[in-house]
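Enquirer: Give me coordinates for this.
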Amino acid sequence: QVQLVESGGGLVQAGGSLRLSCAASGRTVSTYAMGWFRQAPGKEREFVACISRSGGSTYYADSVKGRFTISKDNAKNTVYLQMNSLKPEDTGVYYCATRRLVSIQEDYDYWGQGTQVTVSS
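Expert: Numbering: from 1, shown residues only. This is a model prediction of the structure:
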């Protein structure tokens with residue numbers, strides 16, 4: 001059974017940083033693509049970033065490009081999302097997801113429960 005557990009969310013002031021983690025079990029991050037999505041209050045869930053199976057390809061939403069970095073540690077079977085220069089509009093629940101091939105669409109096989117990120121102005 002595949003499980004994804006996100007952590008690292010919290011309350012931070014604008015301009016600050018957070019690093020989200022997504023610990024996977026039942027699936028190795030070295031052989032599956034991983035993605036991060038977020039959902040702000042009253043809005044639909046949206047793509048944030050994803051990384052290919054090899055880790056050689058990464059994709060970002062325009063709104064986070066240059067501020068966020070997705071990476072993974074195969075030894076720890078964990079994916080990270082380093083978020084810098086945070087803005088109030090980055091507030092939302094952040095979800096980790098996995099699928100066979102990298103995609104910016106939401107057609108991922110498995111999802112975590114999410115972690116709340118709140119950025120105050």
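Enquirer: Surely Q3 and S25 touch.
Expert: Yes - the pair Q3 and S25 passes the contact test of Cβ atoms under 8 Å, sitting 4.7 Å apart. Every C-beta, even on glycine, is put in place using the N, C-alpha and C of the backbone.
Enquirer: how about the most centrally placed residue in the chain, secondary structure?
Expert: Centroid-nearest residue in the chain: W36, 2.7 Å away (criterion: Cα atoms, centre = their mean). Per DSSP: H, G, I helix; E, B strand; the rest coil, the secondary structure class of W36 is strand.
Enquirer: Skipping its backbone neighbours, what lies nearest P41 in space?
Expert: Leaving aside its chain neighbours, P41 sits nearest to G92 (7.2 Å; criterion: Cβ to Cβ, 6 or more residues apart in numbering).
Enquirer: next one: C50
Expert: Here the residue nearest C50, using Cβ to Cβ, 6+ apart, is G35, at 3.8 Å.
Enquirer: One more: R38?
Expert: What sits nearest to R38 in space, not counting adjacent residues and going by Cβ to Cβ, 6+ apart, is G92, at 4.2 Å.
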